[in-house]
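Colleague: can't give you the sequence, but here's the structure:
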């Protein structure tokens, strides 16, 4: 009987000090059930939407909720199997005291930008984010259409926002036209 050799699972602490294999240092990595997983480089629409969302949320937070901050590609620790998972959303917002740690403490809003090539992974991550007690909303923005899904605690069905409709996020008191997030893409 043959047995496969298994590499021991990495913990979050080990992952945060882990070095990617040679030649793969340029990739972004997240820890999924103890295994480092490389993230595909984002497309141009993805990057444009991410930077516009960070700017829109940042301006809103400075004016309306100065104790909150938006962070690009923060590490977040899901509650389930927290010792072996550190996921990387596209954006995170936290309103708690600032800590200069390696993972975003107490996020209230997490944002993922959905591409056709990563839809299944994005949806698995959204489920993992929902296990974080402080997360009130998960926003999923499409990279191929002016479309958003808002997942909220205690609400079974996502809210769908399209085109020039108003996107409302109660977690941070934000309201603005969804199309603004797509202003620097060819989708607007």
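Modeller: Cool, the structure landed. These figures come from a predicted structure and were not determined experimentally. Numbering: from 1, shown residues only.
Colleague: Might you report the residue contacts of the nearest residue to residue 68 once chain neighbours are set aside?
Modeller: With sequence-adjacent residues excluded and distances taken as CB to CB, 6 or more residues apart in numbering, residue 68 is closest to residue 95, at 4.0 Å. In this view, the C-beta of every residue, glycine as well, is placed from N, C-alpha and C. With contact taken as CB atoms under 8 Å, 6 or more residues apart in numbering, residue 95 is in contact with 65, 67, 68, 69, 106, 108, 172.
Colleague: Go again with 6 Å.
Modeller: 67, 68, 108 (CB atoms under 6 Å, 6 or more residues apart in numbering).
Colleague: distance between the longest strand along the chain and the chain's centre?
Modeller: Assignment by DSSP state E gives strand 107-114 as the longest strand of the chain. Centroid separation between strand 107-114 and its chain, computed with CA atoms, centre = their mean, to the nearest Å, is 4 Å.
Colleague: likewise stretch 103-115?
Modeller: For stretch 103-115, the distance to the chain centre is 4 Å (CA atoms, centre = their mean).
Colleague: Buried residues of it, list them for me.
Modeller: 103, 104, 107, 108, 109, 110, 111, 112, 113, 114, 115 (16 or more other CB atoms under 10 Å).
Colleague: is it true that the last one touches residue 143?
Modeller: Yes. Between residue 115 and residue 143 there is a contact under CB atoms under 6 Å: 4.8 Å.
Colleague: shaky segments in this structure?
Modeller: 1-7 (pLDDT under 70).
Colleague: And the residue nearest the centre of it?
Modeller: residue 89 (1.9 Å; CA atoms, centre = their mean).
Colleague: pretty sure that residue belongs to a strand, no?
Modeller: No. Under DSSP: H, G, I helix; E, B strand; the rest coil, residue 89 falls outside any strand and is assigned coil.
Colleague: what sits against it?
Modeller: Per CB under 6 Å, 6+ apart, neighbours of residue 89: 110, 112.
Colleague: How about the backbone phi and psi for it?
Modeller: Dihedral pair for residue 89: phi -70, psi 170, per degrees, to the nearest 10.
Colleague: got it, and residue 124?
Modeller: Torsion angles, degrees, to the nearest 10, at residue 124: phi -60, psi -40.
Colleague: Start the count at 210 instead of 1 going forward.
Modeller: Yep, numbering from 210; the last one is residue 333 now.
Colleague: what's around it, how many residues?
Modeller: The number of residues packed near residue 333 is 13, by other CB atoms under 10 Å.
Colleague: what do you get for residue 339?
Modeller: Residue 339 has 18 nearby residues by other CB under 10 Å.
Colleague: Distance of it relative to residue 266?
Modeller: Residue 339 is 20 Å from residue 266, where distance means CB to CB, to the nearest Å.
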